[in-house]
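> Quick check, what structure comes out for this input:
(one chain, ligands or ions: 1)
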Amino acid sequence: MHHQDQCECCGLEEDLALLDMLTAPSPPVFTGRYKRRDSELDPLMIAAAAASGPHVTRNHYAHDFYPAVGDPLAEGAYDWTKWQAQTSKDREQRRPRLKYVSRQAPRSQRLGLQRVEEKENGAVREITDPLRDAGNLPTASHRDPQSSSHAETNSITSSTTKATTSSVSTTSQGSTPPPLEVKCMARTRVPTPHGPVFLHLYHNNRDNKEHLAIVVDPAQLDAESPAYAPAIRSASLDAIWSETETEMDRITRGAYVGRLSAASQKPSSPSAAQPTIITDTLPSPLIRIHSECFTGETIGSMRCDCGEQLDEAIRQIAQPIRLSALSATAAPITIPGRGAVIYMRQEGRGIGLLSKIRAYNLQDLGHDTVTANLMLGHKADERGYEIAGAILRDLGLGSETGEGVRLLTNNPDKVQALQEEGVRIVERVPMVPRSWQSRRHDDDDVHIVTPGEEVTPKGATMIGGGAVYGDDLEKYLRTKVLRMGHMLPLLGEDGLLHKYH
Ligand SMILES: Nc1nc2c(ncn2[C@@H]2O[C@H](COP(=O)(O)OP(=O)(O)OP(=O)(O)O)[C@@H](O)[C@H]2O)c(=O)[nH]1
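Numbering: from 1, shown residues only. This is a model prediction of the structure:
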């Protein structure tokens, strides 16, 4: 193309100058101004916008400019059944009015249908998609009472049924949440200062919290010895979850019996009831329903006794049980303690940590814990016990037909709420704060322990307690040093500390 063919709008002159500059043996000096090369209206963008159909914004999906396309009955829609060939004048008259038409219900209605107030923690739970993923749902066979021989005593099915009849709430819109289901997703052995426990992690279809059960039943670790009490096991964990599940899958999620080791890997079976030597003198398992308290349990807050209570509960449950002799000639038997702490994610009596922190500030201003909650627009206690009841049933605890439970609590509301959930409580066991246990009666004067005065606790609190130790910890620490490069001196077989870094 010659220079006389130059077209102003295409910027050909600049193109040629650029080409010359790049290819000429001695680059010419171009003194002109390079024009902006992109067009002000990008034709690609215009085409993309035109092709994208109904006008969509983040907040107005399912709204559109062309209601006749999506909804022939919408206001402004043109009735194409009456279409006739037309003049340009007709067309002008019949042009549909362009206006936004929403095919969504008002936001308040949509939220009402999809969500329901979470009773237990002020959170909002989804009804339409209550569980996080399909793998989280109990298997169909597990829900079917006919298909599980385990179902009669402690199956998830009975949990669901119970929850449906006893405490399913109805939303303000009149929709009913689905029957409560809980499922133990995994279990593992955890050594504690009070002995080994089995930590169970639960999912449920009511809230998005991972509630826990700390089961104390060390007799289970010794599958060979005779059992004097029924094992405390989760029915939903021991269930077969799918036909393709391998033994290793089951073992990995904790569905095994005995003690897991490199030499012992025995998957549990859903219906294998453990043979038990029945004795009339076996006390019911000791249970505590404990509510999460980050401040008391994790940073050792002395604003409450929650950390101490958690520790004390595990300590008490783990106390060995002395059974009277099975026959006149036999010696009495001592068996390991048994029971469970159901650890509910109901921080701050259900108001959540944020509100509890604010409540503490109000308490510093002189208000008590109840008033502080009320001042923040909360109830004094917003906890519910429906999920806790279902977890107990899944563990075979407190059922009408099986063993009742002894409940560690000072809270009468908790006793009543659990009974309403169908938990059979045969005894309430008080939780006396340790500092109160140390009060001494000097004649008739009550000596109240003052801050700083040494008291002798009956167990170590989680925070500030004695050192943790044991084979498991040793193994864990060595692996960290040898495999993960942790900067710790190791105690060698020669008894000397060896530095690896
Ligand atoms: N809102 C609020 N929650 C608190 C406060 N102190 C502790 N909590 C929460 O209270 C719960 C424990 O409640 P407790 O009253 O100790 O126990 P309880 O379950 O009512 O009764 P017991 O079974 O007798 O111990 C935990 O969730 C704590 O986070 C507080 O000052 N305000």
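> CA atoms for contacts and neighbours, from now on please.
OK.
> Return the residues in contact with Phe294.
Counting by C-alpha atoms under 8 Å, 6 or more residues apart in numbering, Phe294 touches 347, 353.
> ok, now with 10 Å
300-301, 306-307, 347-348, 353 (C-alpha atoms under 10 Å, 6 or more residues apart in numbering).
> Can you sort out which of the residues you listed also neighbour the ligand?
306, 347-348 (C-alpha under 6 Å from any ligand atom).
> okay if I get those residues as CSV plus neighbour count and pLDDT?
Converted to CSV, those look like this (neighbours: other C-alpha atoms under 10 Å; pLDDT from 0 to 100):
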residue, neighbour count, pLDDT
Cys306, 23, 90
Glu347, 20, 97
Gly348, 24, 96
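> Just these: which are in helices?
Counting by DSSP state H, the ones next to the ligand among the contacts of Phe294 place Cys306 in helices.
> Name the nearest of the ones next to the ligand among the contacts of Phe294 relative to Ile425.
Nearest to Ile425, judged by C-alpha to C-alpha, of the ones next to the ligand among the contacts of Phe294 is Cys306 at 22.3 Å.
> before we move on, the earlier item: same list as before, the ones next to the ligand among the contacts of Phe294 that is, but in a markdown table and with distance to Gly296 included.
A markdown table is the format used below for the ones next to the ligand among the contacts of Phe294 (distance: C-alpha to C-alpha, whole Å):
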| residue | distance to Gly296 |
| --- | --- |
| Cys306 | 5 |
| Glu347 | 11 |
| Gly348 | 10 |
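> Do you know the pLDDT at the residue nearest to Cys306 when sequence neighbours are not counted?
Spatially, and ignoring its direct neighbours in sequence, Cys306 is nearest to Gly296 (5.2 Å; C-alpha to C-alpha, 6 or more residues apart in numbering). Listed pLDDT for Gly296 reads 89.
> Show me what from the stretch 351-500 of the chain comes close to the ligand.
Residues of the stretch 351-500 of the chain lying near the ligand (C-alpha under 6 Å from any ligand atom): 356, 369, 373, 409-411.
> Name the member of those residues that has the highest neighbour count.
The most crowded member of those, judged by other C-alpha atoms under 10 Å, is Asn373 (25 neighbours).
> pLDDT on the one helix or strand that one maps to, on average?
Element membership for Asn373, per DSSP states H and E: helix 369-375. For helix 369-375, mean pLDDT is 93.
> shouldn't Ser225 be in contact with Ala219?
Yes: using C-alpha atoms under 10 Å, Ser225 is in contact with Ala219, at 8.3 Å.
> Of those two, which one has the most company?
Between Ser225 and Ala219, counting by other C-alpha under 10 Å, Ala219 is the more crowded of the two (22 against 9).
> In strands only, show me the contacts of Phe294.
Members of those lying in strands (criterion: DSSP state E): none.
> Just put these in TSV and tack on distance to Arg315.
Converted to TSV, the contacts of Phe294 look like this (distance: C-alpha to C-alpha, whole Å):
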residue	distance to Arg315
Gly300	18
Ser301	20
Cys306	14
Gly307	12
Glu347	22
Gly348	23
Leu353	26
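> And these, which is closest to Met45?
Nearest member of these to Met45, counting by C-alpha to C-alpha, is Leu353, at 48.4 Å.
> Just give the nearest non-adjacent residue to the closest one, would you?
In space, and not counting its chain neighbours, Leu353 is closest to Glu347: 5.9 Å by C-alpha to C-alpha, 6+ apart.
> Contact partners for that neighbour?
121, 291-295, 353-356, 382-383.
> Please indicate which of the residues you listed are buried?
121, 291-293, 295, 353, 355-356, 382-383 (16 or more other C-alpha atoms under 10 Å).
> and these, which of them are in strands?
Judged by DSSP E, the buried ones among the contacts of Glu347 include Ser291 as members of strands.
> Let's see which of the buried ones among the contacts of Glu347 end up in helices.
295, 353, 355-356.
> where does the stretch 101-250 of the chain have low pLDDT?
101-174 (pLDDT under 70).
> what ranges do the helices span in it?
107-114, 140-143, 151-154, 156-167, 235-238, 247-252 (DSSP state H, counting those that start in this stretch).
> Which strands or helices does the fifth one pack on?
Think helix 235-238. The contact analysis (3 or more C-alpha pairs under 10 Å, 6 or more residues apart in numbering; DSSP states H and E) places helix 235-238 against helix 140-143, helix 151-154, helix 156-167, strand 182-192, strand 195-204, strand 256-261, helix 386-394.
> burial count for the residue nearest to Cys306?
For Gly296, the neighbour count with other C-alpha under 10 Å is 20.
> Is it correct that it is in contact with Asp311?
No: between Gly296 and Asp311 there is no contact under C-alpha under 10 Å: 11.1 Å.
> Not counting residues beside it along the chain, what's closest to Ala251?
One correction, residue 251 is Ile, not Ala. Pro267 (5.7 Å).
> my guess is the one you found meets Ala239, correct?
No: the pair Pro267 / Ala239 is not scored as a contact, 11.0 Å apart, by C-alpha under 10 Å.
> and Val415, how far is that from Asp305?
19 Å (C-alpha to C-alpha, to the nearest Å).
> Need phi/psi at the residue in the stretch 151-300 of the chain that the ligand sits nearest to.
Nearest to the ligand in the stretch 151-300 of the chain, going by C-alpha to the nearest ligand atom, is Cys293, at a distance of 3.5 Å. Main-chain torsions, Cys293, degrees, to the nearest 10: phi -150, psi 90.
> Mind picking the two most distant members of the ones in helices among the buried ones among the contacts of Glu347?
Thr295 and Ser355 (12.7 Å).
> Name the residues contacting each of these two.
Residues touching both Thr295 and Ser355 by C-alpha under 10 Å, 6+ apart: 347-348.
> quick revisit: now for the residue nearest to Cys306: which residues touch it?
Neighbour list for Gly296: 302-310, 462-463 [criterion: C-alpha under 10 Å, 6+ apart].
> Which of those are buried, as a PyMOL select command?
Burial among those is assessed by 16+ other C-alpha under 10 Å; the matching PyMOL selection reads:
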select buried, resi 305+306+307+308+309+310+462
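> Can you list which of the contacts of Gly296 are found in helices?
Checked against DSSP H, the contacts of Gly296 include these in helices: 306-310.
> measure Asp381 to Asn411 for me?
On the measure of C-alpha to C-alpha, Asp381 and Asn411 end up 11 Å apart.
> try Leu310
15 Å.
> Over to Ala388?
From Ala388 across to Asn411, the span is 15 Å (C-alpha to C-alpha).
> Ala390 too?
Going from Ala390 to Asn411 by C-alpha to C-alpha gives 20 Å.
> Gln220 touches Pro230, doesn't it?
Yes: when contacts are counted by C-alpha under 10 Å, Gln220 is listed as touching Pro230 (9.4 Å).
> Could you find the closest non-adjacent residue to Ile335?
Ile321 (5.2 Å).
> Enumerate the residues of the stretch 201-350 of the chain near the ligand.
290-293, 304, 306, 346-349.
> Hmm, Glu427 is touching Gly404, no?
Yes: using C-alpha under 10 Å, Glu427 is in contact with Gly404, at 8.6 Å.
> For those two, work out which one has more neighbours and name it.
The neighbour count for Glu427 versus Gly404, taken as other C-alpha under 10 Å, is higher for Gly404 (20 against 14).
> Identify the residues contacting the nearest residue to the more buried one once chain neighbours are set aside.
Of all residues not flanking Gly404 in the chain, Gly398 sits nearest, at 4.3 Å (C-alpha to C-alpha, 6+ apart). Applying C-alpha under 10 Å, 6+ apart, we find Gly398 in contact with 154, 284-285, 287, 389, 392, 404-407, 418-419, 422-426.
> mind running it again at 7 Å?
For Gly398, the contact set (C-alpha atoms under 7 Å, 6 or more residues apart in numbering) comprises 392, 404-405, 423-425.
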